[in-house]
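Enquirer: when you get a sec, could you give me coordinates for this:
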Amino acid sequence: MFDITKKDNSTVVITGRFDASQTKIAENLFSTITTSCTVDFANLEYISSAGLGVLIAAYKRLNKAGFSMKIINMSNHIKDIFHYARLDKIFDIQ
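Expert: Alright, predicted model coming up:
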């Protein structure tokens, strides 16, 4: 199961398993984000390299425009993935 929703123009909630089969849905939603945003991982169970790629692309686009992306409520398992990929050095993780 996967779900991605925009609570408002600055908060994205991702739920379930974010893998390659879900990238188009996520890319479409992230393309609608035009300001700094918060991504809530409270119910994210899994993220693949394809899912990480979507987040990185969105981060780069926002950063280039002078905006930021913050990730909140990250589980220890997902935090380990970001650490091993050294993405914890790029993203604002809270």
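
Enquirer: so what's the residue nearest the centre of the chain up against?
Expert: For the chain, the residue whose C-alpha lies nearest the mean C-alpha position (C-alpha atoms, centre = their mean) is residue 55; its distance is 4.5 Å. Contacts of residue 55 were listed using C-beta atoms under 8 Å, 6 or more residues apart in numbering, and they are 39, 69, 91. Any C-beta I mention is one placed from the backbone N, CA and C, and that applies to glycine too.

Enquirer: for it, report the pLDDT, please.
Expert: At residue 55, the model reports a pLDDT of 98.

Enquirer: who does the longest strand seen in the chain pair up with?
Expert: Longest strand in the chain by number of residues, with DSSP state E as the criterion: strand 37-47. In the sheet, strand 37-47 lines up against strand 11-18 (parallel), strand 69-72 (parallel) (DSSP bridges).
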